[in-house]
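A.B. asks: Compute the structure for the input listed below.
(chains A and B)
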Amino acid sequence: MLDLAWIRENPDAVREGAEKKGIPFDVDELLRLDEERRQLIRVQEQAKAEQNALGKQVATLSGDSKQQALGRLKQLKAKVQEHTEGLRPLKERIEELMLACPNPPADEVPVGPDESANKLLREVGEKPTYDFEPKDHVALMTGLGMLDIERAGKLAGSRSYVLKGDGVFLEQAILRMAMDLIHERGYTLTSVPVIVKEWALRGTAYFPGAEVQTYRIANPTAEDEDSWLVGTSEVSVTALHSGEILDEAELPIKYAGLSPCFRREAGTYGKDTRGIYRVHQFNKVEQVIVDVGDVEKSRANHEEILDNAETMMQKLELPYRVVICSTGDMGRGARCKYDIEAWMPGRDAYGETHSATRFHEYQARRLNLRYRDSDGKVRFCHTLNNTVIASTRAMIALLEVHQQAGGSVRIPEALKPYMGGRETLSV
RNA sequence: GGAGAGGUGGCCGAGUGGUCGAAGGCGCGCGCUUGGAAAGCGCGUACUCGGGAGACCGGGUCGCAGGUUCGAAUCCUGUCCUCUCCGCCA
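C.D. replies: Below you'll find the predicted structure:
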């Protein structure tokens, strides 16, 4: 969410930002309603002020003058009520528009309609070559007794999987390695709720918009208090301090969240159907930074969380590239987004493994997440997040890249300690 | 699952339907005091919206949403959350 006062002063910046992102947004409607609203508020508050002043006198009056005052108060009450009712639809629509209003992209973001306009920043590592016919992760994992997709389908439907044996150890090893790395870099590990209230999803800017992608858990006693399964611990971790006024000395807050992630993957029928690339449930270590409202600091933090993820990839000896997402591929809330894509031989293509986003105040305003600066002024925080490692996609890249003739897989040096010192995965 | 208690400022904690944005305390800030500090004393310490260049003026906020009333922190309803006891149980 943006600052309405800022929008009033910079309608063109908002308009241009929405256009660049390809998100239809009517700034003029918002400004018109805002003007109307403020007009009404003025009138309403006048009546309210008279009501309050006269109301205070009522207690001291008696007889005729009291009756007279009460009569006038009834009138005022009706008037205030009328204005309040006139205000309600205005406020609702303004709120709706404010939640939908996209964050204008940063200057360095390439303008384009979709991911085809993403700009390559760098490629790191060598794509592997094989003197044998390489297998994809499904063949590898099945061969190694690590995966059962068929029975998972019976049990839970499509886009489900069962990890077995070394598959479980490998997943845990990768996650643990990520936890150790991010902990060494000064982040506080958290294990957070994955079942959350709707406001947390609205606050992190997933809602409105991602409702169909999100699993809903009904609350039979209160329909508007349903809970939802998060698609990433970013939601829970970022919302953790919502409503608080933090001390500037506490910032930056650096968290890492370990959690399962749930995604309905509605509207992706027929897309990425093979294997465990696109699934309803996986595990992830996510990094979140909450810091002061300073653009340069946000930029530095963005580089930091990107570097954390790149280090993880390098330790796993995975070739990858970093792209800066174009305006059409970054979503409504982001100011700027970098993706890391790992080379996946089974796809003969890069596949997204990390998404590093900086939001400036966009999430913080929705979450009412603030801090008191050194001048004692209350300001909104800046938030950022990035994956450290996501279990399934990391395993795909790792197994496919490090496979050897015969279907065994070499375990990269840095991961060995987490796999009991083993050199390879083999039958 | 059953029974009960409670949600008030950064924290603790008062609060009779009407000068309550809220006593008192802690904490914090400034000042006095002191050789310096502690103690003591004095003063100041929520957020937000609208108007205004500003001093300031006005509205709102006592978990949240409604309701009663001229007027609600206070009464009523719903809901969320916390705590206690009983039951059940990984």
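A.B. asks: where's residue A:314 relative to RNA strand B, distance?
C.D. replies: 39 Å (CB to the nearest atom of the strand, to the nearest Å). Where you see a C-beta, it was placed from the backbone N, CA and C, and this is true even at glycine.
A.B. asks: Tell me how many other residues crowd that residue.
C.D. replies: 15 (other CB atoms under 10 Å).
A.B. asks: what does residue A:203 give?
C.D. replies: Residue A:203: 24 neighbours (other CB under 10 Å).
A.B. asks: Kindly report the same for residue A:358.
C.D. replies: Other residues close to residue A:358 by other CB under 10 Å number 26.
A.B. asks: Which positions are bridged to it in the beta structure?
C.D. replies: For residue A:358, the beta-bridge partners under DSSP bridges are residue A:336, residue A:384.
A.B. asks: Surely it is in contact with residue A:336?
C.D. replies: Yes: in this structure, residue A:358 is within contact of residue A:336 by CB atoms under 8 Å, at 5.4 Å.
A.B. asks: State the mean pLDDT of the one helix or strand residue A:152 maps to.
C.D. replies: In the assignment (DSSP states H and E), residue A:152 maps to helix A:149-156. On average, the pLDDT along helix A:149-156 is 92.
A.B. asks: So which bits of that helix are buried?
C.D. replies: A:149, A:152 (16 or more other CB atoms under 10 Å).
A.B. asks: any residues in contact with both of residue A:358 and residue A:336?
C.D. replies: A:106, A:302 (CB atoms under 8 Å, 6 or more residues apart in numbering).
A.B. asks: For the stretch 301-427 of chain A, which residues are neighbours of RNA strand B?
C.D. replies: By the rule CB under 7 Å from any atom of the strand, the part of the stretch 301-427 of chain A lying against RNA strand B is A:370, A:372, A:378.
A.B. asks: what pairs with the second one across the strands?
C.D. replies: It refers to residue A:372. residue A:247, residue A:378.
A.B. asks: ok, how many other residues are close to it?
C.D. replies: Counted with other CB under 10 Å, residue A:372 comes out at 14.
A.B. asks: does it really touch residue A:245, like I thought?
C.D. replies: Yes: with contacts counted by CB under 8 Å, residue A:372 reaches residue A:245, the gap being 5.7 Å.
A.B. asks: which residues are common contacts for those two?
C.D. replies: Jointly contacting residue A:372 and residue A:245 under the rule CB under 8 Å, 6+ apart are residue A:378.
A.B. asks: Could you list every helix and strand in contact with the helix or strand following the helix holding residue A:152?
C.D. replies: Following helix A:149-156 in sequence order, the next helix or strand is strand A:162-163 (DSSP H and E). When contacts are defined as 3 or more CB pairs under 8 Å, 6 or more residues apart in numbering; DSSP states H and E, strand A:162-163 packs onto strand A:147-148, helix A:149-156.
A.B. asks: quick one: is the longest helix seen in chain A near RNA strand B?
C.D. replies: Assignment by DSSP state H gives helix A:63-100 as the longest helix of chain A. Yes: Helix A:63-100 reaches RNA strand B (CB under 7 Å from any atom of the strand) through A:70, A:73-74, A:76-77.
A.B. asks: now the nearest residue to residue A:188 once chain neighbours are set aside, which residues is it bridged with?
C.D. replies: Leaving aside its sequence neighbours, residue A:188 sits nearest to residue A:255 (CB to CB, 6 or more residues apart in numbering; 5.4 Å). Beta-bridge partners for residue A:255, by DSSP bridges, are residue A:188, residue A:288.
A.B. asks: what about residue A:255, neighbour count?
C.D. replies: Neighbour tally, residue A:255, other CB under 10 Å: 24.
A.B. asks: and it, what is it in contact with?
C.D. replies: A:187-190, A:237, A:240, A:287-290.
A.B. asks: what's the distance between it and residue A:392?
C.D. replies: 22 Å (CB to CB, to the nearest Å).
A.B. asks: For the stretch 151-300 of chain A, which segments are assigned as helices?
C.D. replies: A:166-184, A:198-203, A:233-239, A:295-315 (DSSP state H, counting those that start in this stretch).
A.B. asks: Look at residue A:342 and say how many residues are nearby.
C.D. replies: 24.
A.B. asks: Make sure it is actually in contact with residue A:349.
C.D. replies: No: contact criterion CB under 8 Å: residue A:342 and residue A:349 do not qualify, at 10.2 Å.
A.B. asks: Not counting its neighbours along the chain, what's nearest residue A:275?
C.D. replies: Closest to residue A:275 by CB to CB, 6+ apart is residue A:138, at 4.4 Å.
A.B. asks: tally of neighbours for the one you found?
C.D. replies: 19.
A.B. asks: Is it in a helix, a strand, or coil?
C.D. replies: Recorded secondary structure, residue A:138: helix (DSSP: H, G, I helix; E, B strand; the rest coil).
A.B. asks: do the one 4 residues further on as well
C.D. replies: Secondary structure for residue A:142, judged by three-state DSSP, is helix.
A.B. asks: what about it, neighbour count?
C.D. replies: With other CB under 10 Å as criterion, residue A:142 counts 17.
A.B. asks: again with residue A:136
C.D. replies: The tally of other residues near residue A:136 (other CB under 10 Å) stands at 19.
A.B. asks: I'd say it and residue A:277 touch.
C.D. replies: No: contact criterion CB under 8 Å: residue A:136 and residue A:277 do not qualify, at 9.8 Å.
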